[in-house]
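J.: Give me a model of this one.
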Amino acid sequence: MEQLLNYFGENMEMIYFLILAVLLGVEVISNVPAILHTPLMSGANAIHGVVVVGAIIVMLHAAPDNYLALTVGFLAVVMGTLNVVGGFVVTDRMLEMFKKKPKKS
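T.: Residues are numbered from 1 along each chain as shown. Model prediction:
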């Protein structure tokens, strides 16, 4: 327990930065209008694609007997891929909302 308190004491600036980033992110995301969702989602998909590539590179440089690094890298690849695919699905559904429906004759 003492080690945990020492860690928080030594890294207080990073903890403040993380809390500020979370609060700012929630505020920004909650105020995004629906019309801007698609461009922002495509940017997020690009970022998560970079995360997937980075996780693969880290896994390539991990030692074969370092199971923790390989497991965390594998989870990063899976989660990043799910996030990219899910983002494209959501973007496709958003774009469907803006298509004109055919008129019934």
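
J.: got any ranges where this protein has weak pLDDT?
T.: Along the chain, segments meeting pLDDT under 70 span 34-35, 37-39, 41-42, 105.

J.: Which residue ranges of it form helices?
T.: 2-10, 12-30, 37-61, 67-97 (DSSP state H).

J.: Make a markdown table from those helices and add mean neighbour count and distance to residue 103 to it.
T.: C-beta coordinates here come from the backbone N, C-alpha and C atoms, glycine included. Below are these laid out as a markdown table (neighbours: other CB atoms under 10 Å; distance: least, CB to CB, whole Å):
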| stretch | mean neighbour count | distance to residue 103 |
| --- | --- | --- |
| helix 2-10 | 9 | 63 |
| helix 12-30 | 10 | 36 |
| helix 37-61 | 14 | 25 |
| helix 67-97 | 14 | 17 |
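
J.: how does this structure divide up, domain by domain?
T.: Annotated domains of the chain cover 1-31, 34-98 [automatic domain parsing].

J.: Distance to residue 104 added to these, as TSV?
T.: Putting the domains of the chain into TSV (distance: least, CB to CB, whole Å) gives the following:
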stretch	distance to residue 104
domain 1-31	38
domain 34-98	19
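
J.: okay, now residue 11: neighbour count?
T.: Residue 11 has 12 neighbours, counted by other CB atoms under 10 Å.

J.: let's number from 39 now, not from 1
T.: Will do, 39 is the new start, and the previous item becomes residue 49.

J.: For residue 109, see how far away it is.
T.: 25 Å (CB to CB, to the nearest Å).

J.: Using CSV, write out every CA atom in stretch 116-136.
T.: The C-alpha trace of stretch 116-136 is given here as CSV (Å, rounded to 0.1, in the frame of the first residue of the first chain):
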residue,chain,number,x,y,z
VAL,A,116,-7.7,-7.2,-30.9
MET,A,117,-9.2,-4.2,-29.1
GLY,A,118,-7.8,-1.8,-31.7
THR,A,119,-9.2,-3.9,-34.5
LEU,A,120,-12.6,-4.1,-32.8
ASN,A,121,-12.5,-0.3,-32.4
VAL,A,122,-11.7,0.3,-36.0
VAL,A,123,-14.3,-2.1,-37.3
GLY,A,124,-16.9,-0.7,-34.9
GLY,A,125,-16.1,2.8,-36.0
PHE,A,126,-16.6,2.0,-39.6
VAL,A,127,-19.9,0.3,-38.8
VAL,A,128,-21.1,3.4,-36.9
THR,A,129,-19.9,5.7,-39.6
ASP,A,130,-21.8,3.7,-42.2
ARG,A,131,-25.0,3.8,-40.2
MET,A,132,-24.6,7.6,-39.8
LEU,A,133,-24.1,8.0,-43.5
GLU,A,134,-27.3,5.9,-44.2
MET,A,135,-29.3,8.5,-42.2
PHE,A,136,-28.4,11.2,-44.7
